[in-house]
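# below are the sequence and a predicted model; questions follow.
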2 protein chains.
Amino acid sequence: MSQPFQTPQDAEDAYYDALDERSVDHMMQVWDDSPDIACLLPMQPFIHGSAVRDMWRALLQSDMPIDIHVRHVRWVEIDDIAIHYVEEQSRLASAQGTPPPVYAVNVFRRRGDAGWGMILHQNSPSPPPPGSAPPRV
Amino acid sequence: MSQPFQTPQDAEDAYYDALDERSVDHMMQVWDDSPDIACLLPMQPFIHGSAVRDMWRALLQSDMPIDIHVRHVRWVEIDDIAIHYVEEQSRLASAQGTPPPVYAVNVFRRRGDAGWGMILHQNSPSPPPPGSAPPRV
């Protein structure tokens, strides 16, 4: 891993590598150097600022198993903002089998020579099979 | 409603007003003038670019009932980016009763004199009561 990240994809790869490696140091480097970063994990309260770093520090140092396979689906760039959309598939089976994949939206910001950093990570449920449910606003 | 929106809150208010009014014109004004805006409604596929405008046009012109109460929870601003986090509570009861609230994260971008526009709307489930579930990455 090298800082600064030259592309949003470099920062995103580093995010998932940090999860794989359970590396607190690398995870800290991924996030933008701002007090206002934000994170919303599945079925968890929204957190922002230093709570994001505290949460990741605690989570990576815990004994909670993590094994995520990532499928890159789409990315968009608007000036110095990049929105990356991936599907995260946990490979950890439980008594209920392998859970369905979840969407993750990762938003990055470029800050000149400081390169790209993550400012938002948010998970959402993946949709049911097409045609099985009407949209809800 | 007046354009350009001077604050992210002005743009967000206009978004929910456009829902209330079912106003396609107002909804179109809320979104940033970029081909790369993105939207993820509950249990729907991720859409971006012109598909966002097409989806809202169709949805607001449909007969799908919409009645959302919004609770503003938190917002953060990072230079020309604003991340707003709200809880959306549908007031439409079904056979199963009133659905639980969902989180929405609205991301806005400031483009100089063009003011603030929405670049991302994403919904996520609200969490269960505290202590009832461990975090999932």
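Alright, I've got the coordinates.
# which outside residues touch the longest helix seen in chain A?
Ranked by residue count, the top helix of chain A under DSSP state H comes out as helix A:8-21. For helix A:8-21, the external contacting residues (CB atoms under 8 Å, 6 or more residues apart in numbering or on different chains) are A:1, A:5, A:23-24, A:26-27, A:29-30, A:60, A:66, A:68, A:70, A:75, A:77, A:82, A:84, A:86, A:106, A:108, A:110, A:115-118, A:121, B:137. Where C-beta positions appear, they are placed from N, C-alpha and C, glycine not excepted.
# and what of stretch A:64-73?
Against stretch A:64-73 from outside (CB under 8 Å, 6+ apart): A:16, A:19-20, A:22, A:84-92, A:101, B:46, B:134-135, B:137.
# which of those count as buried?
Among the contacts of stretch A:64-73, those classed as buried by 16 or more other CB atoms under 10 Å in any protein chain shown are A:Y16, A:L19, A:H84, A:Y85, A:V86, A:E87, A:E88, A:Q89, A:S90, A:P101, B:F46, B:V137.
# now for these: which two are most distant?
A:L19 and B:F46 (21.1 Å; CB to CB).
# which SSE is the most centrally placed residue in chain A in?
The centre of chain A sits closest to A:H121, judged by CA atoms, centre = their mean, with a distance of 4.4 Å. In this structure, A:H121 sits in strand A:116-125 according to DSSP states H and E.
# ok, A:Y85 next?
strand A:81-90.
# show me what that strand is packed up against.
With contacts taken as 3 or more CB pairs under 8 Å, 6 or more residues apart in numbering or on different chains; DSSP states H and E, strand A:81-90 sits against helix A:8-21, strand A:68-78, strand A:102-110, strand B:38-40, strand B:116-125.
# report the buried residues of the first one.
Residues of helix A:8-21 classed as buried: A:P8, A:D10, A:A11, A:E12, A:D13, A:A14, A:Y15, A:Y16, A:A18, A:L19 (neighbour count, 16+ other CB under 10 Å).
# gap between stretch A:53-65 and the chain center?
Its chain's C-alpha centre and that of stretch A:53-65 lie 14 Å apart, by CA atoms, centre = their mean, to the nearest Å.
# CA-only coordinates of it in PDB, if you can.
Provided in PDB are the C-alpha atoms of stretch A:53-65 (Å, rounded to 0.1, in the frame of the first residue of the first chain):
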ATOM      1  CA  ARG A  53     -12.000   5.400  13.000                       C
ATOM      2  CA  ASP A  54     -12.900   4.200  16.500                       C
ATOM      3  CA  MET A  55     -15.400   1.700  15.100                       C
ATOM      4  CA  TRP A  56     -12.900   0.300  12.500                       C
ATOM      5  CA  ARG A  57     -10.100   0.100  15.100                       C
ATOM      6  CA  ALA A  58     -12.400  -1.900  17.400                       C
ATOM      7  CA  LEU A  59     -13.900  -4.100  14.600                       C
ATOM      8  CA  LEU A  60     -10.500  -5.000  13.100                       C
ATOM      9  CA  GLN A  61      -9.000  -5.800  16.500                       C
ATOM     10  CA  SER A  62     -12.000  -8.000  17.500                       C
ATOM     11  CA  ASP A  63     -12.400 -11.600  16.800                       C
ATOM     12  CA  MET A  64     -15.300 -11.100  14.400                       C
ATOM     13  CA  PRO A  65     -14.700 -13.200  11.300                       C
END
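# if you count neighbours, what's buried in that stretch?
A:R53, A:M55, A:W56, A:L59, A:L60.
# buried members of the contacts of helix A:8-21 into ChimeraX, please.
This is how ChimeraX selects the buried members of the contacts of helix A:8-21, with burial counted by 16+ other CB under 10 Å:
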select /A:5,23,24,26,27,29,30,60,68,70,75,82,84,86,106,108,110,115,116,117,118,121 /B:137
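# do the strand holding A:H121 and chain B meet?
Yes. For strand A:116-125, a contact with chain B is found by CB under 8 Å from any CB of the partner chain, at A:I119, A:L120, A:Q122, A:N123, A:S124, A:P125.
# spit out the contact partners of the residue lying closest to A:D36 once chain neighbours are set aside.
Once flanking residues are discounted, A:D36 sits nearest to B:V76: 3.6 Å by CB to CB, 6 or more residues apart in numbering or on different chains. Taking CB under 8 Å, 6+ apart, we find B:V76 in contact with A:D36, A:I37, A:A38, A:H48, A:G49, B:A82, B:I83.
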